[in-house]
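Enquirer: Got a predicted structure plus its sequence, pasted below:
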Amino acid sequence: MLAELSGRALELEERLQIFMEEHVYPNERALLAPPREAERWAPRPLAEELTRKARTAGLWNLFYNHGPEGHGLSNYEYAHLCEVLGRSLAAPEIFNCNAPDVGNMEILATYGTDEQKERWLKPLLAGDIRSCFAMTEPQVASSDATNIETRIERGGNSYIVNGRKWWVTGAPSQRCKVAIVMGKSDITAPRHRQQSMILVPMDAPGVTVERALSVYGYEHAPLGHGEMMFDHVRVPAANMLLGEGRGFEIAQGRLGPGRIHHCMRFIGLAERALEIMCARAKSRTAFGSTLAEMGAVRQAIGQSRCDIELARLITLKAAWMMDTVGNKAARNEIAVAKITVPTMAGAVIDRAIQVHGGGGLSADFFLAEAFAETRFLRIGDGPDEVHREALAKAELAGLS
Ligand SMILES: Cc1cc2nc3c(=O)[nH]c(=O)nc-3n(C[C@H](O)[C@H](O)[C@H](O)COP(=O)(O)OP(=O)(O)OC[C@H]3O[C@@H](n4cnc5c(N)ncnc54)[C@H](O)[C@@H]3O)c2cc1C
């Protein structure tokens, strides 16, 4: 911790830690186990039960600072709580702090009309529904979002959406009721004014989730990632977010906090990996000494501590900048965290896997799935190269 947390944040952090010990860790394997085929995309009773408990305990919407449904925490304060809930891949959903719902709730709270908030934000904040965010497309390099080809065209009092999307996290879930879709509304406008974002109900005629995609074989059901088709989907004109041509503006606003939340969580995940690496090293003996007495293992542990401390400082600085100068002015710090933290967490988790031997690759520990998660985030929310490019641009222009 660099600066004191408020009493409220400290109290929430302590209660969150207790909840994790009592309810999340003991149920983690059951929560992360692949569901039976027939129930793949249905809500899981255990997750629903824990969600109810978290809500009753007031450990709900911890990220949200737009109104009474949240706790009004700063990004710096939330970073500490997010690290705690990030220790388990099963936890974010239970506290209604999971991607992409968090980013979508931020969009609706910041840019939504009263009607859009009533229809979609309210049930999302209550945890009654889930949402997805459909930007990436299989046929174009989507890290350059100007390539997005989906069309959002005006027709009378409606918009008609046509396009194919993939890697739409949350889409296959039965509880997913709305998609925020990015697409071109005016191909003659300047490059960064061509795209819009629009709310599309998942049950609108023409919306199909064609298949689920897995990450290193992990399907992440019942949330999961879908490939989707939007085939002449007609939605009311009132579903447009912020206005035609404002898609990039919204994307920038959404991705900043979303990116930093991933970083906060991964620090918790790396910290927990280091803990179990040490415990395992102390408990196993090979060739006459414990693993913990071996130089190579000790180096792995020492280096992991250095890596985590650096990454935490970078992330807290970015969070503090977001609080003090705003998300836009903090974009370089957010980019530094987004590049640094997933690679750091991947390296620490990889060392923990090595110290666990064969067990580290099994589903008996959380490590293998956690490793896959960190690998995805070197691509998701913008590949590392794109963020490095943005940093280089700022650096060369003397804007760092
Ligand atoms: C598990 C998972 C969940 C996801 N969830 C969502 C979601 O909910 N919604 C959504 O819309 N998308 C989602 N994505 C998609 C993700 O955001 C994209 O995969 C990402 O933005 C990259 O786009 P692309 O796959 O089209 O890669 P491409 O744009 O084809 O890029 C491929 C590679 O090219 C290189 N590259 C690109 N630009 C540069 C550059 N400027 N300099 C150097 N090298 C460069 C990078 O190595 C990059 O990885 C998810 C992805 C995964 C894996």
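Expert: Yep, it's here.
Enquirer: Is the residue most central in space within the chain part of a helix or strand, or is it coil?
Expert: For the chain, the residue nearest the mean C-alpha position is residue 99 (3.7 Å; C-alpha atoms, centre = their mean). The three-state assignment at residue 99 reads coil, by DSSP: H, G, I helix; E, B strand; the rest coil.
Enquirer: One more: the one 5 residues further on?
Expert: Put simply, residue 104 is helix when judged by three-state DSSP.
Enquirer: Pretty sure it sits against residue 134.
Expert: No. Shown here, residue 104 and residue 134 do not form a contact pair, counting by C-beta atoms under 8 Å, at 10.7 Å. Glycine gets a C-beta too; all of them are placed from N, C-alpha and C.
Enquirer: So for the two, which residue has more residues nearby?
Expert: Taking neighbours as other C-beta atoms under 10 Å, residue 104 and residue 134 compare with residue 134 leading, 29 against 25.
Enquirer: Quick one: distance of the helix or strand encompassing residue 107 to the chain centre.
Expert: Using DSSP states H and E, the element containing residue 107 is helix 101-111. Relative to the chain's own centre, helix 101-111 is displaced by 13 Å; criterion: C-alpha atoms, centre = their mean, to the nearest Å.
Enquirer: Next secondary structure element downstream of that helix?
Expert: Once the chain leaves helix 101-111, the next helix or strand it forms, by DSSP H and E, is helix 114-116.
Enquirer: Which positions within the helix or strand that comes right after that following helix qualify as buried?
Expert: Following helix 114-116 in sequence order, the next helix or strand is helix 122-125 (DSSP H and E). Across helix 122-125, burial judged by 16 or more other C-beta atoms under 10 Å covers 124-125.
Enquirer: that older thread, what's the average pLDDT for the helix holding residue 107?
Expert: Mean per-residue pLDDT for helix 101-111: 95.
Enquirer: which helices and strands sit right next to that helix?
Expert: Other helices and strands packing on helix 101-111, by 3 or more C-beta pairs under 8 Å, 6 or more residues apart in numbering; DSSP states H and E, are helix 122-125, strand 130-134, strand 176-184, helix 247-283.
Enquirer: Worst mean pLDDT among those?
Expert: Per-stretch averages of pLDDT across the helices and strands packed on helix 101-111 put helix 247-283 at the bottom, with a mean of 92.
Enquirer: buried residues in it?
Expert: Across helix 247-283, burial judged by 16+ other C-beta under 10 Å covers 247-251, 253-274, 276-278, 280-281.
Enquirer: Run through the residues that contact the closest residue to residue 67 other than its chain neighbours.
Expert: Excluding the flanking residues, the one nearest residue 67 by C-beta to C-beta, 6 or more residues apart in numbering is residue 109, at 7.3 Å. Contact analysis of residue 109 by C-beta atoms under 8 Å, 6 or more residues apart in numbering lists 64, 66-67, 117, 121.
Enquirer: With distance to the ligand as added columns, please give those residues in TSV.
Expert: Below are these laid out as TSV (distance: C-beta to the nearest ligand atom, whole Å):
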residue	distance to the ligand
64	19
66	21
67	25
117	21
121	18
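Enquirer: Please check those residues and keep the buried ones.
Expert: Looks like those have 64, 66, 117, 121 buried, using 16+ other C-beta under 10 Å.
Enquirer: Any regions of the protein where pLDDT drops low?
Expert: Flagging of the chain using pLDDT under 70 yields the residue ranges 1, 255.
Enquirer: Any residues of it in contact with the ligand? List them.
Expert: For the chain, the contact set with the ligand under C-beta under 6 Å from any ligand atom comprises 100, 133-136, 141-143, 167-169, 215, 225, 376, 379-383, 385-386, 389.
Enquirer: Show me those that map onto helices.
Expert: Those of the residues of the chain next to the ligand mapping onto helices are 376, 385-386, 389, per DSSP state H.
Enquirer: Tell me who's in contact with the most far-flung residue of the chain relative to its centre.
Expert: No residue in the chain sits farther from the centre than residue 288, which is 43.7 Å out by C-alpha atoms, centre = their mean. With contacts defined as C-beta under 8 Å, 6+ apart, residue 288 has no neighbours.
Enquirer: got a list of what residue 89 touches?
Expert: Counting by C-beta under 8 Å, 6+ apart, residue 89 touches 32, 269, 366, 369-370, 373.
Enquirer: same thing with residue 284?
Expert: Residues near residue 284 by C-beta under 8 Å, 6+ apart: 290-291.
Enquirer: Check the gap between it and the ligand for me.
Expert: 33 Å (C-beta to the nearest ligand atom, to the nearest Å).
Enquirer: Same check on residue 186?
Expert: Counting by C-beta to the nearest ligand atom, the separation of residue 186 from the ligand is 21 Å.
Enquirer: Likewise for residue 334?
Expert: For residue 334 relative to the ligand (C-beta to the nearest ligand atom), the value is 16 Å.
Enquirer: And for that residue, the neighbour number?
Expert: Neighbours of residue 334 (other C-beta under 10 Å): 25.
Enquirer: Isn't it up against residue 258?
Expert: No. Using C-beta under 8 Å, residue 334 makes no contact with residue 258, being 9.8 Å away.
Enquirer: hmm, back to that, could you check the angle helix 247-283 makes with the helix holding residue 107?
Expert: With axes from the mean of the first three to the mean of the last three C-alpha atoms, to 10 degrees applied, the angle from helix 101-111 to helix 247-283 works out at 150 degrees.
Enquirer: Can you give me the buried ones in helix 101-111?
Expert: In helix 101-111, counting by 16+ other C-beta under 10 Å, buried: 101-109, 111.
Enquirer: All the strands of the stretch 301-400 of the chain, residue numbers only.
Expert: With DSSP state E, counting those that start in this stretch, there are no strands along the stretch 301-400 of the chain.
Enquirer: I'd like the domain boundaries of this structure, if you could list them.
Expert: Domain segmentation of the chain under automatic domain parsing yields 7-98, 130-241, 248-396.
Enquirer: List the residues that contact the residue lying closest to residue 356 once chain neighbours are set aside.
Expert: Distances taken as C-beta to C-beta, 6+ apart put residue 280 closest to residue 356, at 5.5 Å, once the chain neighbours are dropped. By C-beta under 8 Å, 6+ apart, the residues touching residue 280 are 291, 352, 355-356.
Enquirer: repeat that for 10 Å
Expert: Shown in contact with residue 280 (C-beta atoms under 10 Å, 6 or more residues apart in numbering): 290-292, 297, 352, 355-357, 359-360, 365.
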